[in-house]
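Student: predicted structure and sequence below. I'll ask about it afterward.
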Amino acid sequence: MVRFENVGLRYGLGPEVLRDLSFRIEPHSFQFLTGPSGAGKTSLLRLLFLSLRPTRGLITLFDHDVATLDKDALAVLRRRIGIVFQDFRLLDHMSTYENVSLPLRVLGREEESYRHEVEELLHWVGLGERMTALPPVLSGGEKQRAAIARAVIARPQLLLADEPTGNVDPNLAKRLLRLFIELNKSGTSVVIATHDIGLMDQYDARRLVLHEGRIHVYD
Ligand SMILES: Nc1ncnc2c1ncn2[C@@H]1O[C@H](COP(=O)(O)OP(=O)(O)OP(=O)(O)O)[C@@H](O)[C@H]1O
């Protein structure tokens, strides 16, 4: 599904922040991406989401060499990916319900076919009472759960999440982890970037560990 071969990344004229990354993400797989602050987790997720291009090496995503794709082709591939950004990136003028429905609307689905699904998911993540609220009035944890619901609603082939439990209490973190595990069981490959050792200890999964720009894989 994803293949990195000798991938390197630098910002501008700075040092390489990611070096010689070679690894694969298989279909239906689950992995945590971890490493100290500044190790490059967000940068690696941005490479996976095609919002950054590597400065060297080869990235293959869904059987396409990403270097050969134009902007439109990248946008089409991105629809197969769900992402939870560290800063949420909800649309402030749309309600929680509308934000979460957006990926389904982009896919051309009619509201009557998805309304129940969206409401059910919002209840599951504890936002049943906040469906009509606009993001600026949500708490950090509520925004995070809305961002997670938006990322998973269309059952993407690849789910990327950057510190998805950073703003919630341990019980809620457990519940959100269960959501990612269920999604994985229904076929999605999941990559969760986290510092949270307590979270990783709850699920026996592959770990991709970034250290000084290099990746170490623990299957
Ligand atoms: N837009 C940018 N321009 C220049 N340098 C950047 C940029 N984004 C990140 N970096 C640098 O790249 C390195 C990796 O940053 P990144 O945010 O990917 O790490 P991280 O592991 O996600 O960190 P954290 O856990 O603190 O979120 C850091 O040294 C950071 O300063």
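Tutor: Received it, and whenever you're ready, just let me know what you need. Numbering: from 1, shown residues only.
Student: contacts for the biggest helix by length in the chain next, please.
Tutor: If you go by DSSP state H, the chain has its longest helix at helix 170-185. Outside helix 170-185, the residues within contact range by C-beta atoms under 8 Å, 6 or more residues apart in numbering are 28-30, 124-126, 141, 145, 148, 152, 155, 159, 161, 164-165, 168, 190, 192, 196, 198-199, 202-203. From N, CA and C alone the C-beta is placed, and that goes for glycine too.
Student: buried residues in it?
Tutor: 172-173, 176-177, 179-180, 183-184 (16 or more other C-beta atoms under 10 Å).
Student: averaged pLDDT, that helix. What do you get?
Tutor: The average pLDDT for helix 170-185 rounds to 90.
Student: enumerate the residues of this structure near the ligand.
Tutor: Residues of the chain lying near the ligand by C-beta under 6 Å from any ligand atom: 11, 14, 17, 35, 37-43.
Student: filter the residues you listed to the buried ones?
Tutor: The buried subset of the residues of the chain next to the ligand - by 16+ other C-beta under 10 Å - is 17, 35, 39-43.
Student: switch those over to CSV; also include pLDDT and secondary structure.
Tutor: CSV is the format used below for these (pLDDT from 0 to 100; DSSP: H, G, I helix; E, B strand; the rest coil):
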residue, pLDDT, secondary structure
Val17, 96, strand
Gly35, 95, coil
Ala39, 93, coil
Gly40, 94, coil
Lys41, 95, helix
Thr42, 95, helix
Ser43, 96, helix
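Student: wait, which of those residues is closest to Leu90?
Tutor: Thr42 (17.9 Å; C-beta to C-beta).
Student: surely that closest one meets Ala161?
Tutor: No: using C-beta atoms under 8 Å, Thr42 is not in contact with Ala161; the gap is 11.3 Å.
Student: now do the shared contacts for the two.
Tutor: Contacts common to Thr42 and Ala161, judged by C-beta under 8 Å, 6+ apart, are Ala193.
Student: following the host helix or strand of Ala151, which helix or strand shows up next?
Tutor: Using DSSP states H and E, the element containing Ala151 is helix 140-152. Sequence-wise, the next helix or strand downstream of helix 140-152 (DSSP H and E) is strand 158-162.
Student: in its sheet, what does that next one sit against?
Tutor: strand 81-84 (parallel), strand 189-193 (parallel) (DSSP bridges).
Student: need those in CSV with mean pLDDT, can you?
Tutor: Converted to CSV, the strands paired with strand 158-162 look like this (pLDDT from 0 to 100):
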stretch, mean pLDDT
strand 81-84, 94
strand 189-193, 97
